[in-house]
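*Asks:* Take a look and give me a structure for this.
(one chain, ligands or ions: 2)
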Amino acid sequence: MVKLANIFVCQSCGSVHGKWAGRCDSCGSWNTLIEEIAEQSSGPKSKAITRRGRGIEFTSLQGDSTPLPRLKTGIAEFDRVCGGGIVPGCALLVGGDPGIGKSTLMLQAAAKLAISGKSVIYISGEESVDQVRARAKRLGLADAPLQLAAETSLGPIVDSLKSERPDLVIVDSMQTLWTDALGAAPGTVAQVRACAQDLTRFAKKHGSAVVLIGHVTKEGQIAGPRVVEHMVDGVLYFEGDRAHQFRILRGVKNRFGPTDEIGVFEMGERGLAEVANPSSLFLDGCENGTIGSAVFAGMEGTRPVLTEVQALIAPSPLGTPRRAVVGWDSGRLAMVMAVLEARCGISFAGKDVYLNVAGGLKISEPAADLAVAAALVSSAFDQPLPPKTVVFGEIALSGAIRQVHRTGARLKEASKLGFTNAMTHTQDGKRELDTHLECTIANIAKLSNLVAGFERSESVS
Ligand code: TYD
Ligand code: MG
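*Replies:* Ligands and ions are numbered 1, 2, ... in the order given. This next block holds a predicted model:
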């Protein structure tokens, strides 16, 4: 017999509790337990369900089925993040802050696929059919042979999809879906999990690719967070700064391709436009000779991207000086400052330190250590770095600069954009591969000498 039980589910981590508590024992979040009603099978029935003796069939790795070609949207930035197009029969989750442009991106991708002759269904639970039409008109895609529906109930959606068997289904958004098999309200962990599971199962069974759009909570996780990420084949995050026009699509999980790949878009009057050369965008307005600024040659997936790192050191009126970081890890900033203090004698006592990665990009590579150090040293000495210089390298606690991966690709990109010097781990004066960059620095102490030396040579000339 099926009996109903009241359970309390943490909306942050999805763990289930027997009774209400102010704080979730599993993840430590406060006020996240919400009462839900779950169906529980009682003992004798569950025993009856367990079928004995029915085995499963095993097969070998070698099979004669040829994989279906990937669905290419023709939006190169999107296809690359997916690993070369959407794999038929896969389930993708596209997450991001509300209003960042997820619906716009997926409508553009869906329309492009529909124009190329694939059957595509767009199900909107947030907007009416007229609103989606108006958006498509604004994007110049009103003629795309896309099938639209505004629906939030999972049952009718899956039934229609089974008969239609489209190549791609977009569900916007996952949080609006609900299934009447559960008593919980739409958007709760139980509903999101159940709906995602049903749609994922449908995708695998019928070979239609399913894209689920999901909103991110203020903690930066997709609501119903971990519970959905493990179910789907790929997770893409669409992020960006609302103050800036550009948006970054970042692959964080991909069963059929590389992760850490990014796609860069610019939001404009007519939707999202691809940015094929992001370095030029992130370096925009960064002039040579700016004090406290260093150009970092980083890697985003397989692509080198140049960004500007800015630092400001200012006298602090506070007892405990401020350390404010935007776009980088504050723990690593503390480490770089400690190394500069210990190895170069630069004191940050009584000074506020501000660090900003220009353009709103978030950097997580340790290779940015040296660029941060260079920006800090430049600000501390009140001197610009040598002109046309890119900086990258990981700093060890000893003060040594460690080599980072893909040095050649980073230098090539810098050379392409007109840089002539590079500060990174290498022998002094060595010219790397086929680039024309002069490489310097193998030690942090030399960094401050270099900046100080540049000051002297500037004042002499
Ligand atoms: P939307 O795709 O609705 O965001 P999400 O689905 O992630 O919530 O994007 C909404 C924002 O995008 C809105 O602030 C307006 C902006 N926008 C443009 O600037 N140009 C456009 O052509 C479109 C369609 C949207
Ligand atoms: Mg939307």
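*Asks:* Of all the residues in the longest strand along the chain, which ones are buried?
*Replies:* Under DSSP state E, the strand in the chain containing the largest number of residues is strand 303-315. By neighbour count on 16 or more other C-beta atoms under 10 Å, the buried set for strand 303-315 is 303-313. Using the backbone N, CA and C atoms, a C-beta is placed for each residue, glycine as well.
*Asks:* What strands flank the strand or helix carrying residue 121, and is each parallel or antiparallel?
*Replies:* Per DSSP states H and E: residue 121 is located in strand 120-124. In the sheet, strand 120-124 lines up against strand 147-150 (parallel), strand 168-172 (parallel) (DSSP bridges).
*Asks:* Can you tell me what sits against the next helix or strand after that strand?
*Replies:* Proceeding N to C from strand 120-124, the next assigned helix or strand is helix 129-138, under DSSP H and E. By C-beta atoms under 8 Å, 6 or more residues apart in numbering, the residues outside helix 129-138 that reach it are 103-104, 107, 111, 122, 124, 127, 142, 144, 146, 148-150, 270-271.
*Asks:* List buried residues within those residues.
*Replies:* Buried among those by 16+ other C-beta under 10 Å: 103-104, 107, 111, 122, 124, 127, 144, 146, 148, 150, 271.
*Asks:* picking that back up, most widely separated two among the contacts of helix 129-138?
*Replies:* Spanning the widest gap among the contacts of helix 129-138 are 149 and 270, at 24.6 Å by C-beta to C-beta.
*Asks:* pLDDT at residue 137, what is it?
*Replies:* Predicted confidence (pLDDT) at residue 137: the value is 94.
*Asks:* Distance of it relative to residue 242?
*Replies:* Relative to residue 242, residue 137 is positioned 24 Å away (C-beta to C-beta, to the nearest Å).
*Asks:* next one: residue 122
*Replies:* From residue 122 across to residue 242, the span is 25 Å (C-beta to C-beta).
*Asks:* and what of residue 315?
*Replies:* Counting by C-beta to C-beta, the gap between residue 315 and residue 242 amounts to 32 Å.
*Asks:* repeat for residue 182
*Replies:* Taking C-beta to C-beta, one finds residue 182 at 34 Å from residue 242.
*Asks:* of those two, who's got more company?
*Replies:* Legend: neighbour count by other C-beta atoms under 10 Å for residue 182 and residue 242, higher for residue 182 (19 against 12).
*Asks:* In this structure that one contacts residue 194, no?
*Replies:* Yes - look at residue 182 against residue 194 with C-beta atoms under 8 Å: they come within range, at 5.7 Å.
*Asks:* Show me the two of the buried residues of strand 303-315 that sit farthest apart.
*Replies:* The widest separation within these (C-beta to C-beta) is 32.0 Å, between 303 and 313.
*Asks:* hey, where'd the helices end up in the stretch 1-150 of the chain?
*Replies:* Using DSSP state H, counting those that start in this stretch, the helices found in the stretch 1-150 of the chain span residues 43-49, 76-81, 102-115, 129-138.
*Asks:* wait, what's in contact with the closest residue to residue 361 other than its chain neighbours?
*Replies:* Nearest non-adjacent residue to residue 361, counting by C-beta to C-beta, 6 or more residues apart in numbering: residue 307, 5.3 Å away. Going by C-beta under 8 Å, 6+ apart, residue 307 touches 279, 282-283, 295-296, 298, 357-359, 361, 363.
*Asks:* Within range of ligand 1, give me the residues from the chain.
*Replies:* Neighbours of ligand 1 within the chain, by C-beta under 6 Å from any ligand atom: 96, 98-104, 135, 138-139, 267, 270-271.
*Asks:* if you set the cut-off to 5 Å instead, what comes out?
*Replies:* 98-104, 267, 271 (C-beta under 5 Å from any ligand atom).
*Asks:* residues near the residue lying closest to residue 15 once chain neighbours are set aside, how many?
*Replies:* Spatial nearest neighbour of residue 15, chain neighbours left out: residue 26 (3.9 Å); criterion: C-beta to C-beta, 6+ apart. Residue 26 has 13 neighbours, counted by other C-beta under 10 Å.
*Asks:* May I see the buried residues of stretch 240-257?
*Replies:* So, applying 16+ other C-beta under 10 Å, buried residues of stretch 240-257: 240-241, 245-251, 254, 257.
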